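Student: Sequence first, then the predicted structure, then my questions.
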Amino acid sequence: MVEPAKTILVVDDDPEIVGMVSLRLTRRGYRVITASDGIEALEMARRERPALILLDVMMPGRNGWEVARALRHDPVTDKMRIVMLTAIGETVNEITSPLYGADAFIDKPFDFAVLEKTIAKLLE
């Protein structure tokens, strides 16, 4: 019996990043869904129940930190793995991401090998 593909929600207001990341992860066998702002991300997470969320910080609607906090306070979404994927700067990312409940963070620009390794580790 083949195990169903794990779902990853990619959240970013930059369509180029969403496209590149989605294509790469789809080729790796993941089911990818997307959102372009924080409000849509929360709706998608609650409806689709992804195993992992790649979450940008600076977005319209609700920022990534607000989304992460909301996900962690909702029993429907509190176990989802969260990776902050952002260009706010490594030091700020390192300090703030854990405070809001992120499991990991990756700074933009990022290396796809690092992204894939982080995802694989969190989904083990």
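Tutor: The structure has been received and is ready for your questions. Numbering: from 1, shown residues only.
Student: Quick one: distance of the helix ranked longest in the chain to the chain centre.
Tutor: Longest helix of the chain, by residue count under DSSP state H: helix 15-27. A distance of 12 Å separates the centroid of the chain from that of helix 15-27, by CA atoms, centre = their mean, to the nearest Å.
Student: so what does it touch, helix or strand wise?
Tutor: strand 7-11, strand 31-35, helix 112-122 (3 or more CB pairs under 8 Å, 6 or more residues apart in numbering; DSSP states H and E). For glycine as for every other residue, the C-beta is placed from the backbone atoms N, C-alpha and C.
Student: closest one to Gly61 among these?
Tutor: Gly61 lies closest to strand 31-35 among the helices and strands packed on helix 15-27, at 9.5 Å (CB to CB).
Student: ok, and what's touching that closest one?
Tutor: Residues outside strand 31-35 that contact it (CB atoms under 8 Å, 6 or more residues apart in numbering): 4-11, 18, 21-22, 25-26, 41, 43-44, 48, 50.
Student: 7 Å instead?
Tutor: For strand 31-35, contacts defined as CB atoms under 7 Å, 6 or more residues apart in numbering pick out 5-11, 18, 22, 25-26, 41, 44, 48, 50.
Student: again with stretch 7-20
Tutor: 21-22, 25, 30-37, 41, 44-45, 48, 50-56, 59-60, 119.
Student: Now do the SS call for the residue nearest the centre of the chain.
Tutor: With distances taken as CA atoms, centre = their mean, Leu54 lies nearest the centre of the chain, 1.3 Å away. Here Leu54 is strand, with the state taken from DSSP: H, G, I helix; E, B strand; the rest coil.
Student: What score does it have for pLDDT?
Tutor: pLDDT for Leu54: 97.
Student: same check, this time on Phe110
Tutor: 88.
Student: Next up, phi/psi of it, please.
Tutor: The phi/psi pair for Phe110 (degrees, to the nearest 10) reads phi -120, psi 160.
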